[in-house]
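Asker: Take this sequence and fold it.
(chains A and B)
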Amino acid sequence: MSAIATPARQTASRQNSGGLSTKTINRIVIYGLLALFALFYLMPLFVMLVTSFKTMDEIQNGNMLALPKAPTFDPWLKAWGETCVGLTCAGIKGYFWNSIKMVVPAVLISTMLGALNGYVLTKWRFRGATLVFGLMLFACFIPFQSVLLPMATILGSLGRFGVSLQNSVGTSFGLGNPTVNLVFVHVVYGIGFTTLFFRNYYEAFPNELIKAAQVDGASFFQIFRRIMLPNSMPIFVVTVIYQFTNIWNDFLFASAYAGTGDAMPMTVALNNVVNTSTGVVEYNVNMAAAMIAALPTLIVYVVAGRYFVRGLMAGAVKG
Amino acid sequence: MAFLEIDGLKKRFGNVDILKGIDVELEKGGFLVLVGPSGCGKSTLLNTIAGLEQITEGEIRVDGRAINDLHPSKRDIAMVFQSYALYPNMTVAGNISFGMEMRGVPADERQKAIDKVAKVLQIGHLLQRKPSQLSGGQRQRVAMGRALVRDPKLFLFDEPLSNLDAKLRVDMRIEIKRLHATTGTTIVYVTHDQIEAMTLATKIAVMRDGEVQQFGTPAEIYNNPTNLFVADFMGSPAMNLIPATIATSGNALSVVLQREAREPITLPMANAPAGLSAFQGKPIIFGVRPEALTDPEGAERNASNIATADLHIEVVEPAGSDTFAVTNLGGKGVVARLRADANIQPGTNTPLAFNLTKAVFFDPATENRIR
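Answerer: A predicted model of the protein is given here:
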């Protein structure tokens, strides 16, 4: 009875809507809203970009949203090589490299440690493995602010130890160096997240592969290097993107532990560029500096983004 | 002294006994099949032989050497896993030679060994592919190749055919049997499929709840089951296990089977086992395999003790090679196996022949065989 009635009702409603079905209207509304949101989010980026290519005259006299009349690279060059960060006027390039020197080791070390932790927590389960994992997971919920002072104390002690090493052995092994300090802080803070990522990925990794490798005579680290790591590409990319973005964008730790001096990372330097008050505020240079500061994370997303989505889905659907 | 000896092996997880004292041995070049329902401990037993799980008590010896404390790689064994466990990031050649690589075998020797195995298994054209580019049967071959290339003392197979479709499974079964015959290797094989067990094994260990129920050749297991579980588990269609009573007629014993709505059948037992006389007037379980219950013309000619009885046929199942007829005895469905072209109609009363030489008896209280 109802099976006959339903198609009849559908035909009726289609005729009532007069050509434009509800489905089409829904689509228009959804895409319209999405376009609006996209516009809202892209607007600042657009303003930044066009401003960074304008001369100061054009900025002061023209419309903020207008395209540059005579596009110029000068603000970018100035931001990179000449602008004043605090009292030194040598551009942001040194600080850009500072950030790279901090981010690359921090990302690689924390990712590798996370992979190793995940491997041990899933494939070499020991008594209390779940508890250990729970505690590591807890690290993900500790707010940055609460770590600041204790960490400063620890870094201070490490620095003093570095000085005494320097006096006795002749080298401090990097202890007390602000970049090394930041790498240390980010590795410690990142391990909770990277372990979580890798543990969940390896949880679904077939145990029989490990058994087969054991029978084949592979050692603990051989199994890790030859079997686990080559099959971890998706989660590896996810972790690297996540860690890279977090560490590159970090301002709190950077300003607290390397807020002054030559080891200052990009984020702190950018803040100082914008806050330097000598004469006119050079908006174009500031915008260019901000773009340069944002570029690495953008590049990482573009290059590895498709793996990012794939990796996030990887654990969800089996097969 | 046997090649593989397992003595009083026990395995405990916490206070749960997984394996409760296993004693099994296998001669060199033998094919031991561990068979049983899920959770009977057969895979655990295999893993303990492989060294992937520690044992609580007992000893495992291969070629006279105790191996139970050695690392898996030091035991001179190779294993084929249920999921094949091929390394997805390596080519077929890489998979096959990984074990040799880990043992530091030089590259040219590895290549020779790969070529040899590839020839035996006919996977030469697949060597540069990744496992994801192979079909199920090809993966199975590669997994066997990885085991074969090592030339170990002992091969372990963990349900290797259970992921294949029915036809391929039969093909690979024959291939494994051929491989065993040509290479003369010693194999321990785990399966839950009793047909695989019967067809492949030189020795079968039927397991249940961490204990070996019966250990013997396939023929022994099939014809002389020691208890109800083995009788029921081995054979397809399963053995008919009919509740019955023992009566005396003259000085011979006879088996009384209840029929529906008719007088019971009495089958005279000329060669009854000695233990059966103690059960006069008591209930027993009468076991007869479907092929020992057939049409009188199809009955085995040289069997010494054949009794014929009229049975009411409820269902007839023509299976092509045989015809199965279902009747009811002692309140249970009983399957008879007839010739393919047997003229039999459901709903009729048809005379069927019991081959009583093949009949077995069980004590319903202990479930053990009455001998």
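Asker: Quick check: closest non-adjacent residue to residue 78.
Answerer: Just so you know, I chose chain A. residue A:285 (5.1 Å; C-beta to C-beta, 6 or more residues apart in numbering or on different chains). Where C-beta positions appear, they are placed from N, C-alpha and C, glycine not excepted.
Asker: wait, I meant chain B there
Answerer: residue B:147 is the one closest to residue B:78 (C-beta to C-beta, 6+ apart), at 3.6 Å.
Asker: show me the contacts for that neighbour.
Answerer: Neighbouring residues of residue B:147 by C-beta atoms under 8 Å, 6 or more residues apart in numbering or on different chains: B:78, B:79, B:80, B:155.
Asker: Those in strands, which ones?
Answerer: B:78, B:79, B:80, B:155 (DSSP state E).
Asker: Looking at those, state which has the most neighbours.
Answerer: Of all those, residue B:79 has the most neighbours under the rule other C-beta atoms under 10 Å in any protein chain shown, reaching 31 neighbours.
Asker: who does it bridge with?
Answerer: With DSSP bridges as the criterion, residue B:79 is bridged to residue B:156.
Asker: what does the stretch 201-319 of chain A put close to chain B?
Answerer: Proximity of the stretch 201-319 of chain A to chain B (C-beta under 8 Å from any C-beta of the partner chain) is limited to residues A:206, A:208-209, A:211-219, A:222, A:226-227, A:230-231.
Asker: number of nearby residues for the nearest residue in space to residue A:224 that is not next to it in sequence?
Answerer: Excluding the flanking residues, the one nearest residue A:224 by C-beta to C-beta, 6+ apart is residue A:119, at 5.4 Å. Close neighbours of residue A:119, defined as other C-beta under 10 Å, add up to 23.
Asker: Tell me, how many residues neighbour the closest residue to residue A:96 other than its chain neighbours?
Answerer: Setting aside the residues directly before and after it, residue A:96 is nearest to residue A:266 in space (C-beta to C-beta, 6+ apart), at 5.4 Å. Residue A:266 has 26 neighbouring residues, counting by other C-beta under 10 Å.
Asker: repeat for the one 10 residues further on
Answerer: Residue A:276 is surrounded by 17 other residues when neighbours are defined as other C-beta under 10 Å.
Asker: OK, contacts around it?
Answerer: A:83, A:84, A:85, A:86.
Asker: re earlier: would you write a PyMOL line that selects the buried entries of the residues of the stretch 201-319 of chain A next to chain B?
Answerer: The PyMOL command for the buried members of those (criterion: 16 or more other C-beta atoms under 10 Å in any protein chain shown) is given here:
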select buried, chain A and resi 208+209+211+212+213+214+215+216+217+218+226+227+231
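Asker: So which of the residues of the stretch 201-319 of chain A next to chain B belong to helices?
Answerer: A:208, A:209, A:211, A:212, A:213, A:214, A:215, A:222 (DSSP state H).
Asker: how close does the fourth one sit to residue B:357?
Answerer: It stands for residue A:212. The gap separating residue A:212 from residue B:357 is 48 Å, by C-beta to C-beta, to the nearest Å.
Asker: Enumerate the positions of the biggest helix by length in chain B that are buried.
Answerer: Looking across chain B with DSSP H, the single longest helix is helix B:166-183. Under the neighbour-count criterion of 16+ other C-beta under 10 Å, helix B:166-183 has B:169, B:172, B:173, B:175, B:176, B:179, B:180 buried.
Asker: Low-confidence regions, chain B specifically.
Answerer: Counting by pLDDT under 70, chain B contains no low-confidence range.
Asker: tell me which parts of it are close to chain A?
Answerer: So far as C-beta under 8 Å from any C-beta goes, chain B lies against chain A at B:47, B:50-52, B:71-73, B:77-79, B:81-83, B:85, B:87-89, B:98-99, B:102-103, B:146.
Asker: Mind checking which of the residues you listed are buried?
Answerer: Of the residues of chain B next to chain A, these count as buried by 16+ other C-beta under 10 Å: B:47, B:50-52, B:72-73, B:77-79, B:81-83, B:85, B:87, B:89, B:98-99, B:102, B:146.
Asker: These in strands, which ones?
Answerer: B:77, B:78, B:79.
Asker: how about the first one, what does it touch?
Answerer: So the one you mean is residue B:77. A:215, B:49, B:50, B:51, B:62, B:152, B:153, B:154, B:155, B:156 are the contacts of residue B:77 under C-beta under 8 Å, 6+ apart.
Asker: Redo those residues as TSV? Include distance to residue A:45.
Answerer: Shown next, in TSV, are these (distance: C-beta to C-beta, whole Å):
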residue	distance to residue A:45
A:215	55
B:49	64
B:50	59
B:51	59
B:62	69
B:152	63
B:153	68
B:154	66
B:155	63
B:156	61
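Asker: Please identify the helix or strand for the spatially most central residue of chain A.
Answerer: The residue lying closest to the centre of chain A (C-alpha atoms, centre = their mean) is residue A:245, at 1.1 Å. Under the criterion of DSSP states H and E, residue A:245 resides in helix A:233-249.
Asker: helices or strands next to that helix in the packing?
Answerer: Using 3 or more C-beta pairs under 8 Å, 6 or more residues apart in numbering or on different chains; DSSP states H and E as the contact test, the elements touching helix A:233-249 are helix A:93-123, helix A:178-203, helix A:266-275, helix A:283-314.
Asker: Nearest to residue B:270, out of these?
Answerer: helix A:93-123 (63.0 Å; C-beta to C-beta).
Asker: for that closest one, which positions count as buried?
Answerer: Under 16+ other C-beta under 10 Å, the buried positions of helix A:93-123 are A:94-96, A:98-99, A:101-103, A:105-107, A:109-123.
Asker: So which residues of chain B form helices?
Answerer: B:42-50, B:92-102, B:107-121, B:136-148, B:166-183, B:194-200, B:218-223, B:228-233.
Asker: Mind giving me the packing neighbours of the first one?
Answerer: Pointing back at helix B:42-50 there. Going by 3+ C-beta pairs under 8 Å, 6+ apart, helix B:42-50 lies up against helix A:207-215, strand B:4-13, strand B:16-26, strand B:31-35, strand B:77-80, strand B:154-158, strand B:186-191.
Asker: who's in contact with the second one?
Answerer: Same thing as strand B:4-13. In contact with strand B:4-13 (C-beta under 8 Å, 6+ apart) are residues B:17-26, B:30, B:32, B:41, B:44-45, B:48-49, B:53, B:55-62, B:154, B:186, B:188, B:210.
Asker: Give the PyMOL command for selecting the buried subset of those.
Answerer: Filtering the contacts of strand B:4-13 down to the buried ones (16+ other C-beta under 10 Å) takes a single PyMOL command:
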select buried, chain B and resi 17+18+19+22+24+25+26+30+32+41+44+45+48+49+53+55+58+60+61+62+154+186+188+210
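Asker: Quick check: residue A:199 vs residue A:125, distance?
Answerer: Residue A:199 is 11 Å from residue A:125, by C-beta to C-beta.
Asker: Then residue B:364?
Answerer: Taken as C-beta to C-beta, the span from residue B:364 to residue A:125 is 45 Å.
Asker: low-scoring pLDDT stretches of the stretch 151-300 of chain A, where are they?
Answerer: Those would be A:277-278, if you go by pLDDT under 70 across the stretch 151-300 of chain A.
Asker: list the contacts for residue B:171?
Answerer: residue B:137.
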